[in-house]
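Student: Would you be able to build a 3D model of this:
(2 chains)
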Amino acid sequence: MADTAILVKRAPWYDPSRLSRFGREARRYPILPVIFLIAVLVIPAAFAPMIAPHNPLEGELSKRLQPPVWQEGGSWDNVLGTDKMGRDVLSRILYGAKYAIIVSLSVIVVSGVIGVALGLIAGYFGGKTDTIIMRLVDIALSIPPVLLALAIVASQGPGLKWVIVVIVSVLWSRYARQVRGEVLSVVTQDFIARARVAGCSHFRIIFRHIFPNVVNTIVVLATLQVGFVIVLESSLSFLGAGIPRPTPAWGVMVSDGRELVVTAWWVAFFPGLAILLVTLSLNLFGDWLRDRLDPKQRNV
Amino acid sequence: MQRFIIIRVFYSIVVLFIVSMIVFGLARMSGDPTDVMLPLDASQEQRDALRQIWGLDKPLPVQYAKFIGNAFQGDFGDSVKWPDHTALGMVVERFPATLELAGISIVICLILSVPLGVLSAVKKDTPLDFVGKIIALLGQSLPPFWLGIVLIFVFAVNLDLLPTQGRGDVRNLILPAITLGWFPVAAMMRLVRSAMLEVLDAEYVKLARVKGIPEWKVIWKHCLRNAAIPPLTYFGIVAGQLITGAVITETVFSWPGTGLLAIDAIRARDYQVVQAVVIIFAAIFVLSNLVVDILYAYLDPRIRYT
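Tutor: As a prediction, this is how the structure comes out:
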């Protein structure tokens, strides 16, 4: 039994069982991310007109570029300071949550529906249909969204609907590819063949038998994509290729604040911080969800 | 393998054509170009004459064919905003700056992500792994433009260590390179880590240990080589994605590269330049994807038959 000694690792200086236990317990429910998301995303988006201290679009020029309350010159009236038009930063952030939700939800829903439908069809019917759809997926995956957005803005000007169109045209392909992979592994199983023999129509098989088995992956993918979409949308808005000014979308606010970073850092900092924290919470939540629904991917 | 390559090249060409069609279509969609070129009181005959000169009276497919024909010869039209330059000329002129930035970011990405990923996998569930996971999470969640602005604020404004913008010597490169490279480092690190985790469980690894090979050799020589395939191919995709990141980073740092050129051209309504930039960038992107696909098929023969 001497050779087994080589395979045993030395004991580390910390206690790994305690650490992993703590990690596991803390991750049982993603409390912190969910609370945070609700506080910074959901409540402002729904109730901004009621809780925002100021109007996000009209500023008092006499109060322009006021620092946040804890710096000299700040006041509790504008807790996070004002921008160069005198608009309250906090109010604009609260109103901006709405755009993050609108864009990400509509993008995810539309691209999800398209992508999942095409993925189901491709995986189930196979053959030529599969090939054609997968070629479309490859093409859609090859187009960088920023380039497409730039081209569209150059010709049409920025706009909320264009942001959605651009991101959807790129995002649906990820759903399609993932779903098709899952469907391929489900479709070979016996119960599908038996359903066919029993006389089920294709439609019924897809919806009642295949879809419930892939829905987990779809949910995980969608949740993880929301953060990505928010960052992408704010990047496009930052470049001027997304939501137009003076709408208080977070990306637009960072762009406004960029030239002021030397004198008025708060104009760019707080909207960006909002984006970061929201995306972080969404990713943490998505990771937790994935661990619950799809344990195979846990180590990724 | 031959057949695979041919099919892949064919798709790449198809993608490029589709992108060019989209770009072309968008140009035509933005209204009658003659409105921009003529003063408001021009007569209808003058408009028609101008249309004929520019070939705008011909049917769309003919216009598109002419556009593609010109593009193949490298003629993307003349820039409106920078009068003495052609559109392609502007792109070429600014490209080295972007290449410099992207090159440094790639180097940083490789140097940082591979060791971090390997260590994170080997020392799984340790504090080091925890740090690695934090980096990966932040990489996905940080908006790159915000990171650039915060870096400027901390290092240039407050600490006065580095310049705020523009291109110059090494010090100008640091902050943009960090901003651009952040996401690739996080993504690659994650990929290296998961690939290594899979490999570390393999039987041949246990055999190597039993044979008495020192642990560092087992990890770095045997495991890493086998774990390298997914990260390697992702690396090619990263090289293409750096284009997108470059547009944002160049905007934040006023780095005079092709990305900033695109933004300036949009603001100035210089559509010829925008067209040129989009198509060139798309070509680079498609090319890097193509190289990645071929590389992947070369390294992993199972792919060739899908």
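
Student: elements contacting whatever helix or strand residue A:279 lives in?
Tutor: Taking DSSP states H and E as the definition, residue A:279 sits inside helix A:266-293. For helix A:266-293, the elements it packs on are helix A:31-37, helix A:89-125, helix A:211-239, helix A:250-258, helix B:127-141, helix B:144-151, judged by 3 or more CB pairs under 8 Å, 6 or more residues apart in numbering or on different chains; DSSP states H and E. The C-beta positions use only the backbone N, C-alpha and C, and glycine is treated the same way.

Student: which bits of the stretch 101-250 of chain A sit near chain B?
Tutor: By CB under 8 Å from any CB of the partner chain, the residues of the stretch 101-250 of chain A that approach chain B are A:135, A:138-139, A:142-148, A:150-156, A:227-228, A:231, A:234-235, A:238-241.

Student: mind running it again at 10 Å?
Tutor: Taking CB under 10 Å from any CB of the partner chain, the part of the stretch 101-250 of chain A that reaches chain B is made up of A:134-135, A:138-158, A:169, A:224, A:227-228, A:230-232, A:234-241, A:250.

Student: Using PyMOL, make a named selection holding only the buried ones among these.
Tutor: In PyMOL, this line selects whichever of those come out buried by 16 or more other CB atoms under 10 Å in any protein chain shown:
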select buried, chain A and resi 134+138+139+140+141+142+143+144+145+146+147+148+149+150+151+152+153+154+155+158+169+224+227+228+230+231+232+234+235+236+237+238+239+240+241+250
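
Student: picking that back up, tell me which residues of the helix holding residue A:279 come out buried.
Tutor: For helix A:266-293, burial by neighbour count (16+ other CB under 10 Å) applies to A:266-290.

Student: and what of stretch A:40-54?
Tutor: By neighbour count, and taking 16+ other CB under 10 Å as the criterion, the buried residues in stretch A:40-54 are A:40, A:41, A:44, A:45, A:48, A:52, A:54.

Student: Quick one: distance of stretch A:126-139 to the chain centre.
Tutor: Remark: stretch A:126-139 is offset 26 Å from the chain centroid, using CA atoms, centre = their mean, to the nearest Å.

Student: and it, which residues are buried?
Tutor: A:130, A:133, A:134, A:137, A:138, A:139.

Student: Convert the C-alpha atoms of that stretch to PDB, please.
Tutor: What follows is stretch A:126-139, C-alpha atoms only, in PDB (Å, rounded to 0.1, in the frame of the first residue of the first chain):
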ATOM      1  CA  GLY A 126     -33.100  17.600 -38.800                       C
ATOM      2  CA  GLY A 127     -31.900  17.200 -42.300                       C
ATOM      3  CA  LYS A 128     -32.100  20.100 -44.700                       C
ATOM      4  CA  THR A 129     -34.100  22.300 -42.300                       C
ATOM      5  CA  ASP A 130     -31.500  21.900 -39.700                       C
ATOM      6  CA  THR A 131     -28.700  22.700 -42.100                       C
ATOM      7  CA  ILE A 132     -30.400  25.900 -43.400                       C
ATOM      8  CA  ILE A 133     -31.200  27.100 -39.900                       C
ATOM      9  CA  MET A 134     -27.800  26.400 -38.600                       C
ATOM     10  CA  ARG A 135     -26.200  28.300 -41.500                       C
ATOM     11  CA  LEU A 136     -28.400  31.300 -40.600                       C
ATOM     12  CA  VAL A 137     -27.200  30.900 -37.000                       C
ATOM     13  CA  ASP A 138     -23.600  30.900 -38.200                       C
ATOM     14  CA  ILE A 139     -24.200  34.100 -40.200                       C
END
